[in-house]
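Undergrad: return a 3D structure for these sequence lines:
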Amino acid sequence: MSFDVAAHAQRIEDQGYTIIPDFLSAADLAEVRRVLALYLGTHLGRNDFEGTRTERVYTLVCRARVFWRIALDDRILALCDRFLRPGFLLTASQAINIHPGETPQPFHTDDAFYTLPRPRPMVSLSTIVAVDPFTAENGGTEAIPGSHRWGDHELAGTYDDDFSSAASTRLEPMAHPVTMPAGGCVVFAGTLLHRGGQNRSDRARCAFSHQYCEPWARQQENFALGVPKDRVAKMSPTLQALLGYELRRPGDIMGQVSGYHPSKTLDPSWVLPVERPARAD
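TA: Here you go, the predicted structure:
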């Protein structure tokens, strides 16, 4: 089945998000579950935002080749092309496993790190892929349609501002549960208010998120430090570029390493200029 980029982009323009119900193949979904089983079960979140009954696995793109493929999915990259500048980056790659009894996450936006006045265009585009089905009972994402266009005044009291219970009470009636089958994907503007829901079921709800940002924006995850270079060297040039191993315009100087292309650092024999002997006079 063909993918209607224009229709999905229009839904993001109109309501802030769109759903691709058949995003993952059965084989990729099975492989995702196999890989995540190796990492889940080690620790829970450290605060209300991460979730004290929620597990997170960060730097997911580094952990298995299935996530390399998913990060480069043509449908997602086409939507990134619609909303972000050429040379956009991968900014976050993590799994999220919400256990029974978890409370609702505070409402937030994914690009609040970039403190530019709102309303404004998105600085990032997010995806959340359902490993388990998303329902209104098991902690599926809740989104507030149209909130991607709100200004700073309308966001007052949310987690991105100065979180208060009054804000949560005000926003809850506007929230819509994002329901989708296992293998489905919701794609949404970084400016959209959303949250992980309360898990009132008796089973965990697992998902993972890839997020992309403008080429000038600092990435949430420092992939240059978090992903071993020998692993980066095995990735495609496109994925390397998404992690930050590319020069950015204007001038092709953003991201340079002492005047060199950052991909030079992936050659084990290459010596950083600052570590080379100084020339004797």
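
Undergrad: so which strand or helix has residue 170?
TA: Assigned by DSSP states H and E, residue 170 falls within helix 165-171.

Undergrad: list the neighbouring strands of the helix or strand following that helix plus their orientation.
TA: Proceeding C-terminally, helix 165-171 gives way to strand 176-177 as the next helix or strand, assigned by DSSP H and E. Using DSSP bridges, the strands paired with strand 176-177 in its sheet are strand 141-143 (antiparallel).

Undergrad: average pLDDT for the strand it pairs with?
TA: Regarding strand 141-143, the rounded mean pLDDT is 97.

Undergrad: list the contacts of it.
TA: When contacts are defined by Cβ atoms under 8 Å, 6 or more residues apart in numbering, strand 141-143 is touched by residues 16-17, 104, 128, 134, 175-178, 186, 188, 192-197, 207. In short, each C-beta sits where N, CA and C put it, glycine included.

Undergrad: again, but for stretch 234-242
TA: 61, 68, 71-72, 87-90, 212, 232, 243, 246, 263, 266.

Undergrad: want to try JSON lines for the residues you listed, with secondary structure and pLDDT as columns?
TA: Below are the contacts of stretch 234-242 laid out as JSON lines (DSSP: H, G, I helix; E, B strand; the rest coil; pLDDT from 0 to 100):
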{"residue": "61", "secondary structure": "helix", "pLDDT": "97"}
{"residue": "68", "secondary structure": "helix", "pLDDT": "98"}
{"residue": "71", "secondary structure": "helix", "pLDDT": "98"}
{"residue": "72", "secondary structure": "coil", "pLDDT": "98"}
{"residue": "87", "secondary structure": "coil", "pLDDT": "95"}
{"residue": "88", "secondary structure": "coil", "pLDDT": "97"}
{"residue": "89", "secondary structure": "strand", "pLDDT": "98"}
{"residue": "90", "secondary structure": "strand", "pLDDT": "98"}
{"residue": "212", "secondary structure": "strand", "pLDDT": "98"}
{"residue": "232", "secondary structure": "helix", "pLDDT": "97"}
{"residue": "243", "secondary structure": "helix", "pLDDT": "98"}
{"residue": "246", "secondary structure": "coil", "pLDDT": "94"}
{"residue": "263", "secondary structure": "helix", "pLDDT": "95"}
{"residue": "266", "secondary structure": "helix", "pLDDT": "95"}
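
Undergrad: which among these end up buried?
TA: The neighbour-count criterion (16 or more other Cβ atoms under 10 Å) marks 61, 68, 71-72, 87-90, 212, 232, 243, 246, 263, 266 among those as buried.

Undergrad: residue 54: which of these is nearest?
TA: Within these, the smallest distance to residue 54 is 20.0 Å, found for residue 61 (Cβ to Cβ).

Undergrad: do you know how far the closest one is from residue 137?
TA: From residue 61 across to residue 137, the span is 30 Å (Cβ to Cβ, to the nearest Å).

Undergrad: now do the phi/psi pair for residue 267.
TA: For residue 267, the backbone dihedrals are phi -80, psi 120 (criterion: degrees, to the nearest 10).

Undergrad: lowest-confidence helix or strand of the chain?
TA: Evaluated with mean pLDDT, DSSP states H and E, the helix-and-strand set of the chain has its lowest mean pLDDT in helix 165-171, which scores a mean of 77.

Undergrad: ok so, going back, out of the contacts of stretch 234-242, what pair is the most spread apart?
TA: The widest separation within these (Cβ to Cβ) is 21.7 Å, between 212 and 266.

Undergrad: so residue 66 touches residue 33, yeah?
TA: No: distance between residue 66 and residue 33: 10.1 Å, which falls outside the contact criterion (Cβ atoms under 8 Å).
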